[in-house]
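Visitor: Provide a 3D model corresponding to the input given below.
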Amino acid sequence: GHFLGLPDLYDYTTGSGIGSWGMMANSWGTDGTQLYPPAFSAWSRYILGWLRDGVEVQTLSQTSDSGTYSLLAIGGTDTQRGDLLKITFGFSSADEYLLVCNRRPYGIDSKAPGDGIL
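Guide: I've put the predicted structure just below:
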């Protein structure tokens, strides 16, 4: 990931950053063998432009956009296209946003530490 320009996503102090939810935080995987490394996080995929064809990025830019949203799971196979929800309102800077995805135990994510909305 560093060769592609991605930063480390682990905490340099006492925290864990994003933990085992992304390659840039834990390339050893949840079992420590490097046989099951985590997939790149939704943020990494978004920044690199690696979203698969058909991936929908829904953007909420104002409070009136609130409501119920469905997110297809991002999985480790080409058939699991997934969706992302980008929330841009309520932050102190225009460069800040919250990226939400649905991770499920498919393909490379089969050894993930859990599943659900991240």
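Visitor: what about the closest residue in space to Arg45 that isn't next to it in sequence, distance to Thr33?
Guide: Leaving aside its chain neighbours, Arg45 sits nearest to Leu51 (5.7 Å; criterion: C-beta to C-beta, 6 or more residues apart in numbering). C-beta here means a position set from N, CA and C on the backbone, and glycine is covered the same way. Using C-beta to C-beta, to the nearest Å, Leu51 is found at 29 Å from Thr33.
Visitor: Who has more neighbours out of the two?
Guide: Shown here are Leu51 and Thr33; by other C-beta atoms under 10 Å, Leu51 has more neighbours (17 against 10).
Visitor: Can you tell me how far the more buried one is from Trp28?
Guide: To Trp28, Leu51 is 26 Å away according to C-beta to C-beta.
Visitor: centroid residue for the protein?
Guide: Residue closest to the mean C-alpha point of the chain, counted by C-alpha atoms, centre = their mean, is Ala42 at 2.5 Å.
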